[in-house]
Every structure is written in C-alpha cells, then in structure tokens.
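S.K.: Structure here, sequence nowhere to be found:
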Ligand SMILES: [Zn+2]
C-alpha cells in the first residue's frame with residue numbers, strides 16, 4: 001500500500017429528507033421566515049444603497065431578530081443579500097434556507113437543523129453513493145435546505161472530504177475526447193457509446209417544442225399541459241444528470257491514483273463559430289461540458305487523479321504518428337487518415353491521444369494505436385434523482 005499525504009476538498013452532497021408532518025411544517029415556516037428576512041434586508045440594502053455585508057449587518061440585524069429569526073439565520077440572510085453587489089435579486093422565494101456549522105450537524109443518517117421551532121433531527125434518505133461520501137467526510141460545514149417543486153425537501157450538505165494527494169511521477173496520462181456520437185473516448189481505446197445523450201435530448205427537445213406550442217395557445221394551455229411540461233423538464237434533467245455521473249464515474253474507475261486525466265478546455269467554445277457547423281454547434285449545447293468537467297474533477301480528486309485541461313484546437317486533425325496537422329486528415333466523422341504518412345485510426349481515439357499528448361504524455365510517434373473497446377455507459381436512469 002502506498003501512503004498519500006491527504007488534503008481536504010469541499011464538496012456538496014444532496015440528500016432527500018424524510019421529515020414527519022410536524023417537521024415539514026417547521027421547515028416550511030423556517031424557509032418562509034428566512035425569505036421574509038432576506039426580502040427585508042434586500043429592501044433596506046436598496047434604500048441605503050448599501051450591500052456591504054458588515055454595514056448591512058448594522059442596518060438590519062436587530063430587525064431580523066425581532067422578525068423571529070435566530071442569530072444564525074439572521075447572519076445567513078444578511079450574507080445572502082450582501083453577497084450580491086448592487087443586488088440583481090428582486091425578490092426571494094420561500095424555497096430555501098442556509099445553515100452553518102452551528103445550526104446544522106449530522107447525527108448518523110439524520111441531519112439536525114435549528115428551525116424556527118427549535119432543533120430538529122430529520123432522517124435522510126441515503127443511497128450507497130451518499131453513504132460512501134458521508135463516511136469519508138471529515139466534517140460538515142453547513143448546508144442549504146431546499147424545497148423542490150413537488151414539496152419534497154432536500155439538504156445540500158457542504159462536506160469537507162479528505163482526498164489523497166496525487167503522488168508525483170509515474171502515473172499514466174489518459175486523454176478523453178468528448179463527442180456527439182460516442183459520449184467519450186479515452187486514449188486507452190475505451191469508448192463510451194451513447195448517442196443516447198444526444199438522441200434522448202433531441203427527443204426531449206422535440207417533445208417540449210410540441211408542448212411549448214400548446215402552452216402558447218391560450219385555449220390549449222390547460223393544467224394537464226402545464227404539468228406535462230414540468231414532468232418532461234424534470235425527466236430530462238434527471239436523465240442528463242444520471243448519464244453524466246455514470247460516465248464520470250466509469251472514466252475515473254479505470255484510473256489509478258497518480259494518473260492524470262487530460263480533457264479539452266472547452267469553456268468559451270460555445271460562442272465560437274469557426275470549426276463547427278451549425279448543427280454541431282447546436283448539439284454542443286446538449287453536451288453540458290462545464291458540469292461534466294466539474295463532476296469529473298471532484299470524482300478524480302477523491303481518487304488522487306489529477307485533471308488537466310488542454311487547448312482543444314485541432315486535436316482531431318493532428319497525426320499522432322508524424323505530427324502532420326491538416327483538416328484533410330479527418331476523412332469523416334469516424335475515420336482519421338494522415339495525408340502525409342498514411343496512418344489511419346478511429347478519429348475519436350486520435351483526438352483523445354492528441355489531448356493526452358498535450359498534457360505531457362509521450363511525444364508524437366510514440367503512442368501505440370489502441371484497440372477500440374466500446375462500452376455502453378448509460379443504463380436507464382432511476383425514477384428519482386439519486387444524487388447531486
Ligand atoms: Zn502522419
């Protein structure tokens with residue numbers, strides 16, 4: 001066994017709460033008063049043009065206390081309003097409330113919260129994923145209580161989790177190419193299929209366009225149609241969420257502590273019009289890159305795997321054998337064939353390999369063509385959103 005120096009990372013873990021009816025009523029009253037407090041603080045902040053937290057505290061703290069907020073909730077309300085410079089928020093809905101380490105703590109598989117009706121210990125519904133993270137958590141820093149559209153209660157716990165420091169040197173560099181046809185391709189040759197993400201999302205896009213049409217026509221705007229709209233939106237969100245989590249987990253599962261994962265730095269690509277045609281650009285919106293990258297980063301961190309982002313330009317056009325870079329190298333969506341040396345391989349694998357090379361794996365000409373191993377990355381998503 002190797003021993004790593006640990007360092008600590010903060011993660012958010014969402015858990016479903018199972019409050020009794022009395023507890024639910026207390027939560028309801030807590031978020032209601034918290035929102036009242038936020039709205040009052042916002043009003044005062046706007047009147048005085050004062051959003052600096054410390055100043056705002058002096059202006060409203062006593063009011064908030066007399067409105068029935070505990071000292072901690074008053075401070076949290078001020079923090080919410082004060083944080084937003086010149087606040088863009090117009091109004092706070094009573095759907096969430098922030099707790100800190102003094103007002104929130106964990107009691108086994110329950111969470112203890114200070115509500116307006118006093119301290120309450122509320123059971124959480126946990127899956128293996130949540131149990132695993134909670135077991136690793138060094139401490140809980142607080143959390144945000146939220147109420148979903150169907151009146152379900154969630155707690156987003158802010159956990160300090162010890163993560164192994166990636167050992168230096170020795171690890172392999174694996175490049176990952178994110179795509180439309182194949183969800184992701186690794187430079188090791190593993191390819192996660194799943195036009196499903198794109199296909200499914202296009203399917204939802206179409207479905208919703210139909211429903212949208214009905215919503216726009218007053219006579220067809222019935223309660224049933226509105227509900228259908230909400231249901232579709234929720235279903236799609238859960239599907240995408242599940243797909244991204246599964247994919248990230250499966251990529252990280254194949255790596256060892258000390259390895260490096262190289263991905264394209266696609267932040268800001270959306271606005272760019274070169275390189276991609278309009279359909280592909282459109283589809284790009286269906287690939288929630290930023291969210292996927294943050295999932296990958298924290299799952300990798302938990303395992304002691306580094307993630308580096310590299311310049312994405314021309315990764316699909318460079319030849320991994322001779323370095324010749326030309327648009328003509330890309331014969332089709334699927335096939336790469338170098339016009340200089342004749343090297344040919346799966347185009348996604350070539351991109352993944354170039355990404356790995358940019359992150360410092362072996363130089364041009366030294367990477368062996370990998371055999372492509374296709375695995376399906378997604379199965380049917382669960383009915384309930386299981387995590388974060
Ligand atoms: Zn070549």
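M.R.: Cool, the structure landed. Only a predicted model underlies this, so the values are computations on that prediction, with no experimental measurement involved.
S.K.: could you pull out the strands for the stretch 1-150 of the chain?
M.R.: 6-17, 96-100, 104-107, 110-115, 118-125, 137-147 (DSSP state E, counting those that start in this stretch).
S.K.: Redo those as TSV? Include distance to the ion.
M.R.: (C-beta placed from N, C-alpha, C; glycine too.) Listed next are those as TSV, based on distance: least, C-beta to the ion, whole Å:
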stretch	distance to the ion
strand 6-17	41
strand 96-100	55
strand 104-107	56
strand 110-115	58
strand 118-125	54
strand 137-147	49
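S.K.: right, so those: which one is the most enclosed?
M.R.: Each of the strands of the stretch 1-150 of the chain was scored by mean neighbour count; the highest is strand 96-100, a mean of 22, by mean count of other C-beta atoms under 10 Å.
S.K.: What's the mean pLDDT across it?
M.R.: The average pLDDT for strand 96-100 rounds to 91.
S.K.: Could you tell me the angle between that strand and strand 137-147?
M.R.: 160 degrees (axes from the mean of the first three to the mean of the last three C-alpha atoms, to 10 degrees).
S.K.: Does anything pack onto strand 96-100? Which helices or strands?
M.R.: Packed against strand 96-100, as judged by 3 or more C-beta pairs under 8 Å, 6 or more residues apart in numbering; DSSP states H and E, are the following elements: helix 21-48, helix 71-83, strand 137-147.
S.K.: what about residue 206, is that helix, strand or coil?
M.R.: helix (DSSP: H, G, I helix; E, B strand; the rest coil).
S.K.: Distance check, it against residue 375.
M.R.: When C-beta to C-beta, to the nearest Å is the yardstick, residue 206 and residue 375 sit 28 Å from each other.
S.K.: what's the answer for residue 117, then?
M.R.: 51 Å.
S.K.: what do you get for residue 184?
M.R.: Relative to residue 375, and taking C-beta to C-beta, residue 184 is found at 10 Å.
S.K.: again, but for residue 233
M.R.: Between residue 233 and residue 375 the distance, using C-beta to C-beta, works out to 29 Å.
S.K.: Between these two, which has more neighbouring residues?
M.R.: Neighbour totals were compared for residue 233 and residue 375, and residue 233 leads with 14 against 11 (other C-beta atoms under 10 Å).
S.K.: Please report how far that one lies from the ion.
M.R.: Between residue 233 and the ion the distance, using C-beta to the ion, to the nearest Å, works out to 47 Å.
S.K.: which residues does that residue contact?
M.R.: Residues in contact with residue 233, defined by C-beta atoms under 8 Å, 6 or more residues apart in numbering, are residue 208.
S.K.: Nearest spatial neighbour of the residue nearest the centre of the chain, chain-adjacent residues omitted?
M.R.: Nearest to the geometric centre of the chain sits residue 291, at 3.9 Å (C-alpha atoms, centre = their mean). Spatial nearest neighbour of residue 291, excluding adjacent residues (C-beta to C-beta, 6 or more residues apart in numbering): residue 244 at 6.3 Å.
S.K.: was I right about that neighbour contacting residue 289?
M.R.: No: under the criterion of C-beta atoms under 8 Å, residue 244 makes no contact with residue 289, lying 10.0 Å away.
S.K.: Just want to know which of the two has more residues nearby.
M.R.: More neighbours surround residue 244 than the other of residue 244 and residue 289, with 23 against 18 (other C-beta under 10 Å).
S.K.: circling back to that earlier point, redo the helices and strands packed on strand 96-100 as TSV? Include mean pLDDT.
M.R.: As requested, these are arranged in TSV below (pLDDT from 0 to 100):
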stretch	mean pLDDT
helix 21-48	93
helix 71-83	88
strand 137-147	91
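S.K.: For residue 263, see how far away the residue nearest to residue 291 is.
M.R.: Distance from residue 244 to residue 263, by C-beta to C-beta: 13 Å.
S.K.: before we move on, what about residue 67?
M.R.: Taken as C-beta to C-beta, the span from residue 67 to residue 263 is 48 Å.
S.K.: So between these two, which is more surrounded?
M.R.: Here residue 67 and residue 263 are set side by side on neighbour count (other C-beta under 10 Å), and the busier one is residue 263, at 26 against 16.
S.K.: isn't there a helix covering that one?
M.R.: No: with three-state DSSP as the criterion, residue 263 is strand rather than part of a helix.
S.K.: Nice, that's everything, thank you.
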